[in-house]
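>>> From the sequence below, what's the structure:
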Amino acid sequence: MISSFAVVFAFVAVPVALEYAHLAKAQGGVPKTVWGAVYDENGDLYIGVTVTVNMWTGGVGGTLHGSHVDGPSPDGWYSVIFLDVEWTAGDTIQVIAEKPGGGGQAPPVTVGCDSSGSQEIDVHFQTAIPQFGSPALVTLVFCAMLLFFFRGTKNRGRSRSAR
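Down below sits the predicted model:
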């Protein structure tokens, strides 16, 4: 015959243990792998990049929970592993990819950390767009505006018939 202790154990201790295991996993009780591909401006895998993955509590700029670097990449893929004490579901993952030789970086990718043990985050470099802030361009535009203004004031004193 089954003892009352075994019945109580089966109906109380086992569900409590299973719930504890579920909570431990949801709270970062297992390692987390963050991985993905890095694409260049043309959409091809970018070989030779170095990727830094930061795990933030309270969003980027909050408390840095963990940080790992992978690279330079021989094939355009990266993968880092955060120990169970370095992440919690709900943290913010920030992925930063840098070109070889300090040639710039892709816009950082920031996503929420889910409770799974693995999360894919791809990074895309963007085509550089020239900005209006170039001193030479600002000077050129300013001179063109001055010429247009003075040309217009030169002709204002004459009547229409004299033009």
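>>> what is residue 118 paired to in the beta sheet?
On the basis of DSSP bridges, residue 118 is bridged to residue 33.
>>> I misspoke; the intended subject was residue 64.
When bridges are called by DSSP bridges, residue 64 pairs up with residue 56.
>>> Contact partners for it?
For residue 64, the contacting residues are 54, 55, 56, by CB atoms under 8 Å, 6 or more residues apart in numbering. From N, CA and C alone the C-beta is placed, and that goes for glycine too.
>>> now with 10 Å?
Residues counted as contacts of residue 64 (CB atoms under 10 Å, 6 or more residues apart in numbering) are 54, 55, 56, 57, 58, 86, 94.
>>> what's the answer for residue 52, then?
Counted by CB under 10 Å, 6+ apart, residue 52 has contacts 67-71, 78, 80, 94-98, 105, 108.
>>> Need those residues in JSON lines (columns: distance to residue 44).
Formatted as JSON lines, these follow (distance: CB to CB, whole Å):
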{"residue": "67", "distance to residue 44": "27"}
{"residue": "68", "distance to residue 44": "25"}
{"residue": "69", "distance to residue 44": "23"}
{"residue": "70", "distance to residue 44": "19"}
{"residue": "71", "distance to residue 44": "17"}
{"residue": "78", "distance to residue 44": "16"}
{"residue": "80", "distance to residue 44": "22"}
{"residue": "94", "distance to residue 44": "24"}
{"residue": "95", "distance to residue 44": "18"}
{"residue": "96", "distance to residue 44": "20"}
{"residue": "97", "distance to residue 44": "14"}
{"residue": "98", "distance to residue 44": "17"}
{"residue": "105", "distance to residue 44": "17"}
{"residue": "108", "distance to residue 44": "21"}
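>>> Narrow the contacts of residue 64 to just the buried residues.
Buried members of those, counted by 16 or more other CB atoms under 10 Å: 54, 55, 56, 86, 94.
>>> where's the fourth one relative to residue 49, distance?
As judged by CB to CB, to the nearest Å, residue 86 and residue 49 stand 23 Å apart.
>>> picking that back up, please type out the ChimeraX selection for whichever of the contacts of residue 52 turn out to be buried.
Provided next is the ChimeraX selection string for whichever of the contacts of residue 52 are buried by 16+ other CB under 10 Å:
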select :68,70,71,78,80,94,95,96,97,98,105
